[in-house]
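K.L.:
Here is my input, please return the structure:
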Amino acid sequence: MKVILLQNVENIGKKNDVKEVSPGFARNFLLSKGLAVLATSENLQKLEAKKKADEFRAVEELKEAEKAVAKLDGQEIEMRLKAGKEGHLFQSVNQQKISDRLKEIGFNVDKNHIELDHPIKETGEFPVKIRFTHNLEAEIKIIIIGEEE
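P.N.:
Here you go, the predicted model:
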């Protein structure tokens, strides 16, 4: 019996795969648990339409990510923070603060995409990588300027 998997099923296949399985397994497990539907001509047509839509969406996402990388790559972002006389910051700069600063100047970057080995705790210039989907990345420079009280 041919079925279309609606989810990844261990030892059977991945989501959207069309698989030949025994009728008992299909009825008693896959269909009853909502893991698959019968591979009728109507369901196969829906699957093809869904695959085309997913492919189109992936292409659009790639274009958007490429635009964001082109705009962001090489940017120098200044952050003014309170610091002591020797340049030690009173607060550390982490991924969230960098993400918030990027949003302030018009770049919507999730904090999870920002690569920072450890929080920045002093004034200076620091290179920071931002990873986007589709294995794209941009490198920006964070410039921390200390302001004494």
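K.L.:
rest of the way, CA atoms for contacts and neighbours
P.N.:
Noted.
K.L.:
All the strands of the chain, residue numbers only.
P.N.:
Counting by DSSP state E, the chain has strands at residues 2-5, 18-20, 36-38, 76-82, 88-93, 114-115, 120-122, 124-131, 137-147.
K.L.:
Listing request: residues of this protein with sub-threshold pLDDT.
P.N.:
In the predicted model of the chain, residues 149 satisfy pLDDT under 70.
K.L.:
Nearest residue to the middle of it?
P.N.:
Thr133 (5.1 Å; CA atoms, centre = their mean).
K.L.:
ok, that residue to Asn28 distance?
P.N.:
39 Å (CA to CA, to the nearest Å).
K.L.:
Need the strands of the chain in TSV (columns: mean neighbour count and distance to Ser99).
P.N.:
Shown next, in TSV, are the strands of the chain (neighbours: other CA atoms under 10 Å; distance: least, CA to CA, whole Å):
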stretch	mean neighbour count	distance to Ser99
strand 2-5	22	38
strand 18-20	16	42
strand 36-38	21	40
strand 76-82	15	11
strand 88-93	16	10
strand 114-115	18	8
strand 120-122	18	14
strand 124-131	16	10
strand 137-147	18	11
